[in-house]
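Visitor: Test case, fold it:
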Amino acid sequence: MWRWNGSERPPFAEPPGPGQESVWDYPRPPRIEVDSRLVVVQAGETVLAETTAARRILETASPPTFYIPPADVRVERLQHAPGASRCEWKGTAAYWSLRNGGPEARPVAWSYPEPFDDFADIQDHFAFYPGRVVCTVDGERVSTQPGGFYGGWITGELVGPFKGDLGSGAW
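Guide: Predicted coordinates:
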């Protein structure tokens, strides 16, 4: 089903400018990169996470997803949320909502308690939805990936178009 796998850009891909990355150059299957920039996640005035040891997962057509080590997350501010989903590359995800948000609170984060071997480096790390909490990378506020399902972080260094846009289901 996937024609595009990072080996070439499709004709509709935006060309990256100086200092930019095209999500169409990211691989499929995805890869993990260490990112030492300051990543901060907040709910209102409460800092939920702060790290310079994030992992970015790069996958064709998607903005990177940032995963934060559990030691850098205020886990006491989160609670398990109902539901799970399965990624063909990473395994089964568990969901997290803000503590005291009630049983019906929307998840703000997810994690992989038992990821597949190739993604063991993100075991128990937290990924946050930038449309539900405020996420920044080196002070730049992150935009959310279109579509509501994916959790990619869009920064000024990226060009698309991005998976999740209308009509992108077959990318």
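Visitor: Spatially central, which residue of the protein would that be?
Guide: Central residue of the chain (CA atoms, centre = their mean): residue 65, 2.1 Å from the mean position.
Visitor: Need phi/psi at that one.
Guide: phi -100, psi 130 (degrees, to the nearest 10).
Visitor: now do residue 149
Guide: Main-chain torsions, residue 149, degrees, to the nearest 10: phi -90, psi -40.
Visitor: Please apply the same query to residue 35.
Guide: Backbone geometry at residue 35, expressed as degrees, to the nearest 10, gives phi -130, psi 120.
Visitor: number of nearby residues for it?
Guide: A count of neighbours around residue 35, defined by other CB atoms under 10 Å, yields 18. Just so you know, the C-beta spots here come from the backbone N, C-alpha and C atoms, and that holds for glycine as well.
Visitor: mind listing what the closest residue to residue 5 other than its chain neighbours touches?
Guide: Using CB to CB, 6 or more residues apart in numbering and skipping residues adjacent in sequence, the residue nearest residue 5 is residue 28, 4.1 Å away. For residue 28, the contact set (CB atoms under 8 Å, 6 or more residues apart in numbering) comprises 2, 4, 5, 6, 59, 60.
Visitor: Next one, pLDDT for the first one please.
Guide: Pointing back at residue 2 there. Here, the pLDDT recorded for residue 2 equals 67.
Visitor: still on that earlier bit, was I right to think the residue nearest to the centre of the chain contacts residue 54?
Guide: No - if you go by CB atoms under 8 Å, residue 65 and residue 54 don't touch, sitting 9.9 Å apart.
Visitor: Check the gap between residue 145 and residue 18 for me.
Guide: In this view, residue 145 and residue 18 are 24 Å apart by CB to CB, to the nearest Å.
Visitor: So the two - more neighbours on which side?
Guide: residue 145 (25 against 4).
Visitor: how about the more buried one, phi and psi?
Guide: phi -70, psi 140.
Visitor: residues in contact with it?
Guide: 62, 63, 130, 151, 152, 153, 154, 162, 163, 164.
Visitor: what two of those residues are the furthest from one another?
Guide: The span of these, defined through CB to CB, is set by 130 and 163 at 15.2 Å.
Visitor: so where's this structure shaky on pLDDT?
Guide: Along the chain, segments meeting pLDDT under 70 span 1-2, 103, 170.
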